[in-house]
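> Sharing a model that was predicted from the sequence below.
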Amino acid sequence: MAHCHQFRTLAESELGYVGICEGCRTVNVAFQNSLFCLSLNQFDAFRELIHERLAMRPVYTSHGKELLLPTPMPNYFLLFAHDEVDKLGALLTEAAPVLEAERILDVSRTN
Ligand SMILES: [Zn+2]
């Protein structure tokens, strides 16, 4: 389905935002210079991944970044400081109740 993504902002902070496209229901999690495009059903798993720091490896850098998150692209990793992961987690927590409501809405639309 070709459309212009019309994103409605659900949560935002100085470092990023969470939005949902009214057309295709894609959830955008923008944080610093990263953009995660998720389905409504993937959002909870992503939130858990961030909160529990799943799939992240401790790493030492000389720039205060302490956690390394692999991406599907070989040789490309995301680096986070602990407080950045906390801030991303807070953003996801803020958006979670609205996304839960959106999911219930989607289920009731298709039934
Ligand atoms: Zn869209």
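Yep, it's here. Remember, predicted model here, so these are calculated numbers, not experimental data. Residues are numbered from 1 along each chain as shown.

> What parts of this protein come near the ion?
H5, C21, G23, C24 (CB under 5 Å from the ion). To be clear about C-beta, it is placed using only N, CA and C from the backbone, and glycine gets the same treatment.

> Buried residues, the longest helix seen in the chain. List them.
If you go by DSSP state H, the chain has its longest helix at helix 82-110. Neighbour counts over helix 82-110 (16 or more other CB atoms under 10 Å) mark E84, V85, K87, L88, G89, L91, L92, A95, A96, L99, E102, R103 as buried.

> quick check, nearest of these to A11?
Among those, A95 lies closest to A11 (CB to CB), at 4.0 Å.

> how much space between the residue sitting furthest away from the middle of the chain and D44?
Residue farthest from the centre of the chain, counting by CA atoms, centre = their mean, is N111 at 27.6 Å. Distance, N111 to D44, using CB to CB, to the nearest Å: 20 Å.

> Any regions of the protein where pLDDT drops low?
Within the chain, the segments meeting pLDDT under 70 span 1.

> redo that, cut-off 80
Within the chain, the stretches with pLDDT under 80 are 1-2, 110-111.

> how about the strands in it?
For the chain, the strands defined by DSSP state E cover 7-12, 16-21, 27-31, 34-38, 57-58, 67-70, 77-80.

> closest one to E48 among those strands?
For these, the distance to E48 is smallest for strand 34-38, at 12.4 Å, taking CB to CB.

> Any idea how far that closest one is from the middle of the chain?
Counting by CA atoms, centre = their mean, to the nearest Å, strand 34-38 is centred 6 Å from the centre of its parent chain.

> swap in stretch 35-45?
For stretch 35-45, the gap between its own C-alpha mean and the chain's C-alpha mean amounts to 6 Å (CA atoms, centre = their mean).

> and the end-to-end length of that stretch?
Terminal residues of stretch 35-45 are spaced 16 Å apart (CA to CA, to the nearest Å).

> Over to stretch 51-69?
Start-to-end span of stretch 51-69 (CA to CA) is 13 Å.
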